[in-house]
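Student: Test case, fold it:
(one chain, ligands or ions: 2)
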Amino acid sequence: MISLIKGFWQKYFDPPIYKILIIGLDGAGKTTLLNKLKQLAKHPFIQFDKIPKTVGLNITEIDYMASNRSMNKKYKVTYWDLGGSQTQRSIWKKYYGECHGIIFVVDGNKSERWDEVRNCFKYYMHLIFW
Ligand SMILES: Nc1nc2c(ncn2[C@@H]2O[C@H](COP(=O)(O)OP(=O)(O)OP(=O)(O)O)[C@@H](O)[C@H]2O)c(=O)[nH]1
Ligand SMILES: [Mg+2]
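Tutor: Ligands and ions are numbered 1, 2, ... in the order given. So this is what the prediction gives:
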């Protein structure tokens, strides 16, 4: 009974949580982007030149307030920043089913990797639908 009430309470009164996956090639800037989002939300963040390569994943939850003319509504976003090295890409698909959205980060300065980006994007986006 208690868990039923708790479930009801969470459904109707707790802020909704949206899960966002951050993927892309190694060194594309995924963790840098997440670090920037933390900085903007006034969460603790690390110095931008001290960001280590991601092994596994970084999880960060940030609270937001959606504002429009009629109402203010709180919501949370959980970001999953996954490692982008070739050996780690196979785990990306395990998170597809649970996330509400995907950010695919591309380093626009590395033109020598655009073919790899294209192939990677096609391959891993294809896995969402199949
Ligand atoms: N100049 C510049 N450097 C960036 C930018 N984004 C990332 N970098 C640098 O690129 C390098 C890699 O960035 P990360 O954020 O660690 O890349 P990542 O996509 O998380 O890489 P993995 O964790 O290996 O998958 C770091 O040295 C960053 O400082 C950017 O927008 N501008
Ligand atoms: Mg990273």
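Student: what does the lowest-mean-pLDDT helix or strand in the chain contact?
Tutor: None of the helices or strands of the chain scores lower by mean pLDDT, DSSP states H and E than helix 2-13, at a mean of 78. For helix 2-13, there are no surrounding residues in contact (C-beta atoms under 8 Å, 6 or more residues apart in numbering). Heads up, the C-betas are built off the backbone N, CA and C, glycines and all.
Student: can you list the residues of this protein near ligand 2?
Tutor: 30-31, 54 (C-beta under 5 Å from the ion).
Student: now with 6 Å?
Tutor: Selection of the chain residues close to ligand 2 by C-beta under 6 Å from the ion yields 30-31, 54, 81.
Student: Of the residues you listed, which pair is most distant in space?
Tutor: K30 and T54 (7.1 Å; C-beta to C-beta).
Student: Which single one of the residues of the chain next to ligand 2 is nearest to D115?
Tutor: K30 (19.5 Å).
Student: Let me know the pLDDT of that closest one.
Tutor: Per-residue pLDDT puts K30 at 98.
Student: For W92, the count of nearby residues, please.
Tutor: 22 (other C-beta atoms under 10 Å).
Student: Distance check, it against I22.
Tutor: For W92, the distance to I22 equals 10 Å [C-beta to C-beta, to the nearest Å].
Student: Give me the common contacts of these two.
Tutor: What both W92 and I22 touch, as defined by C-beta under 8 Å, 6+ apart, is the set L82.
Student: and whichever helix or strand comes after the least confident helix or strand of the chain, which residues are buried?
Tutor: With elements assigned by DSSP states H and E, the helix or strand that comes after helix 2-13 is strand 17-24. Burial within strand 17-24, assessed by neighbour count using 16 or more other C-beta atoms under 10 Å, is assigned to 19-24.
Student: which neighbours do K30 and T54 share?
Tutor: With C-beta under 8 Å, 6+ apart, K30 and T54 have common neighbours 81-82, 84.
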